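[1] Sequence first, predicted model second:
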Amino acid sequence: MAYSLEDLPTEILIIILYPLLPIDLAVLARTCWRMHDLVYEFGWVQYSLSNPRPSYSISIARKQWSAHTTVRYDVLSDRGWDKVDFVARPLSRTWSSKEQSTLAISHSRLVVAAGTTLHSYSFHSGPGGRPTIQSEGSISLNETDVRGRNITSITFLEDGGLDQTLLVAYQEQLVERIHLIPPSEDGEVPLSFTRHTVTTFPRGDYIECFSTTPTHLLSLSANGTARLSLQSSLPIDNAILPPSDKVPQVELEERSWKCHLSPDLTFAAFGSSGQTPLTVYPISEGGSLSPTPSTILHTKRATSLDNLPSSAVYGISQAPVNASAWGSSPQVLASGWFDGWVRIYDLRTASSSSSTSSSSPQRTNTSNSNANAPLLHPVMSMNDRWSIEPVYSISCGGGSGSHIAAGTARHSVVSFWDVRNPKAGWSVHAPGNDRSPVFQVILEGSRLFGTTELRPFVYDFGPDATIDCYPMKLTAPASSTKPRKSHKPVILSYPVTRYRHADSGLIDTF
């Protein structure tokens with residue numbers, strides 16, 4: 001006697017739907033009404049839950065989408081990544097002067113800090129459910145009687161889901177809590193703010209980097225002082241500052257650039273300049289940062305703690321979440337190095353490795369705090385062979401959650417690799433082809449946000465993009481061989497230069 005799928009109980013059919021790909025679910029949904037209802041009620045939901053995409057800027061739109069619309073968006077975005085098909089847009093006009101800029105992102109807005117100014121962009125669900133980006137305005141944090149007020153780092157603090165509270169560090173050795181007040185819907189009341197000085201950070205050094213979880217804040221100063229604290233414990237204004245010897249902190253004793261706090265609060269990683277440019281410090285169950293590192297991460301050329309080559313690490317990120325080679329563990333880190341390489345480390349292998357230091361009793365090249373830490377080599381390394389520039393920033397996500405993006409130190413180049421096929425990497429210049437570093441990148445499932453010394457920009461790999469999805473109307477650049485026209489056509493994507501790492505690098509091969 002022959003049986004069909006329709007003869008099986010619903011519970012069994014739901015289990016059968018679980019491993020199916022979107023194309024299989026779409027075909028099955030067209031066979032009969034029962035399969036159609038099961039796919040739309042369970043199949044699309046199961047697929048979207050088992051294939052997450054890191055995304056801030058489209059989270060508001062996602063809340064209004066059905067499971068089928070969510071899967072469609074993710075699949076078409078992945079296709080855009082596979083074909084290297086994206087929209088390139090500056091988010092603002094060129095700034096009046098060159099600034100070292102940085103980014104902070106939440107589920108509600110993107111904030112760009114440049115010099116002493118904060119530029120805010122809010123996320124919305126536009127016509128047809130398209131995820132849109134709108135400019136909220138700019139605010140100046142400058143004061144006429146203060147010199148050196150250049151922003152060095154910003155991050156969002158937990159404020160009950162409002163996404164309006166920022167921690168801002170300045171080069172003048174000051175830290176402030178900034179509360180954004182969004183503009184009115186009719187635009188009559190502009191973006192404004194309130195400010196309070198945070199007294200946890202003593203003077204004498206400025207903060208180079210922040211890293212946060214929903215409950216904790218990790219800070220790293222330029223001279224290598226690291227502090228881990230609860231966000232709720234940050235005192236403001238005239239609160240009494242505890243003595244420096246009572247503030248829990250770690251001294252890296254090197255020029256420091258980047259910190260990374262693991263999402264599960266088990267370790268903190270620090271990037272610096274020197275012989276130990278990337279170190280990992282464990283965090284106790286009570287939330288205390290260990291005074292000594294548990295692991296030293298270095299290049300494959302490093303064979304002994306007695307003679308480590310000097311380098312620098314400027315970018316640290318959790319590795320791609322959907323990389324099948326190592327899974328979605330927070331114990332896997334991606335890092336950007338001075339020599340232009342991106343290196344990935346699996347901290348889970350550190351427990352099985354031993355220190356490769358020599359048996360010599362004297363160590364003149366490394367500090368005593370690093371003497372007993374094991375040396376860990378990368379599990380994967382990649383670079384753009386046409387670029388020897390340092391990697392200033394790094395972020396992971398992208399198509400299928402398996403991509404790495406790296407912002408380089410010159411010519412506004414952003415490089416991409418899919419860890420499933422790292423040899424097929426490619427690079428693209430930011431809109432405008434500025435001779436600038438890409439100071440920071442934030443990579444999501446369908447978008448990359450970045451910033452240079454002249455403007456912020458976005459690469460959008462998502463489907464159905466229109467000019468209304470972005471905060472600024474673009475016009476086609478004037479041609480040097482054709483007479484100028486009084487009216488320039490509005491364009492969706494800005495022309496950018498792209499090249500594949502495996503090709504000649506002399507022409508746009510896409």
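    Sure thing, it's come through.

[2] For the rest of this, base every contact and every neighbour count on C-alpha atoms.
    Will do.

[3] where are the low-confidence patches of the stretch 101-250 of the chain?
    Scanning the stretch 101-250 of the chain for pLDDT under 70 picks out the ranges 144-148, 202-203, 237-247.

[4] please redo it, this time with the cut-off set to 50
    245 (pLDDT under 50).

[5] give me every residue that touches Gly336.
    The contact partners of Gly336, by CA atoms under 8 Å, 6 or more residues apart in numbering, come to 313-316, 342-343, 390-394, 406.

[6] try it again with 10 Å
    The neighbourhood of Gly336, defined by CA atoms under 10 Å, 6 or more residues apart in numbering, consists of 271, 312-317, 342-344, 382-383, 390-395, 405-408.

[7] where does it land in three-state SS?
    Secondary structure, DSSP: H, G, I helix; E, B strand; the rest coil: Gly336 is strand.

[8] Specify the beta-bridge partners of it.
    Gly315, Val342 (DSSP bridges).

[9] Which ones among the contacts of Gly336 map onto strands?
    Residues of the contacts of Gly336 located in strands (DSSP state E): 271, 312-317, 342-344, 382-383, 391-395, 405-408.

[10] These, buried ones only, as a ChimeraX selection?
    A single ChimeraX command selects the buried members of these (16 or more other CA atoms under 10 Å):
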select :271,312,313,314,315,316,317,342,343,344,382,383,391,392,393,394,395,405,406,407,408
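
[11] immediately after the helix or strand bottoming out on mean pLDDT in the chain, which helix or strand?
    Among the helical and strand segments of the chain, the one scoring lowest on mean pLDDT, DSSP states H and E is strand 474-475, with a mean of 54. Using DSSP states H and E, the helix or strand that follows strand 474-475 towards the C-terminus is strand 490-491.

[12] avg pLDDT for that following strand?
    Strand 490-491 carries an average pLDDT of 75.

[13] packing partners for that strand?
    Contacts of strand 490-491 with other secondary structure elements, assessed using 3 or more CA pairs under 10 Å, 6 or more residues apart in numbering; DSSP states H and E, are made with strand 474-475.

[14] wait, Arg89 sits on Leu492?
    Yes. Using CA atoms under 10 Å, Arg89 is in contact with Leu492, at 7.9 Å.

[15] what about these two, which has more around it?
    The neighbour comparison of Arg89 against Leu492 (other CA atoms under 10 Å) goes to Arg89, with 27 against 19.

[16] Need phi/psi at the more buried one.
    When quoted as degrees, to the nearest 10, the phi and psi of Arg89 stand at phi -140, psi 130.

[17] Mind listing the residues bridging to it?
    Applying DSSP bridges, one finds that Arg89 bridges with Val458.

[18] Please enumerate the strands of the stretch 51-200 of the chain.
    Secondary structure of the stretch 51-200 of the chain by DSSP state E, counting those that start in this stretch: the strands cover 87-90, 101-105, 109-114, 117-125, 131-140, 151-156, 165-170, 174-181, 192-197.

[19] so which of the ones you listed gets nearest Thr213?
    Thr213 lies closest to strand 151-156 among the strands of the stretch 51-200 of the chain, at 9.8 Å (CA to CA).

[20] Can I get the closest one as CSV, trimmed to CA atoms?
    The C-alpha trace of strand 151-156 is given here as CSV (Å, rounded to 0.1, in the frame of the first residue of the first chain):
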residue,chain,number,x,y,z
ILE,A,151,35.9,62.2,20.5
THR,A,152,38.0,59.0,20.7
SER,A,153,35.3,56.4,21.5
ILE,A,154,31.5,56.0,21.9
THR,A,155,29.2,53.2,22.9
PHE,A,156,25.6,52.8,23.7
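
[21] Run me through the strand neighbours of it, direction for each.
    strand 165-170 (antiparallel).

[22] and the strand it pairs with with strand 174-181, angle?
    Strand 165-170 and strand 174-181 are oriented at 150 degrees to each other (axes from the mean of the first three to the mean of the last three CA atoms, to 10 degrees).

[23] to the chain's geometric centre, what's the distance from strand 165-170?
    18 Å (CA atoms, centre = their mean, to the nearest Å).

[24] can you check stretch 44-55 too?
    Distance of stretch 44-55 from its chain centroid, counting by CA atoms, centre = their mean, is 20 Å.
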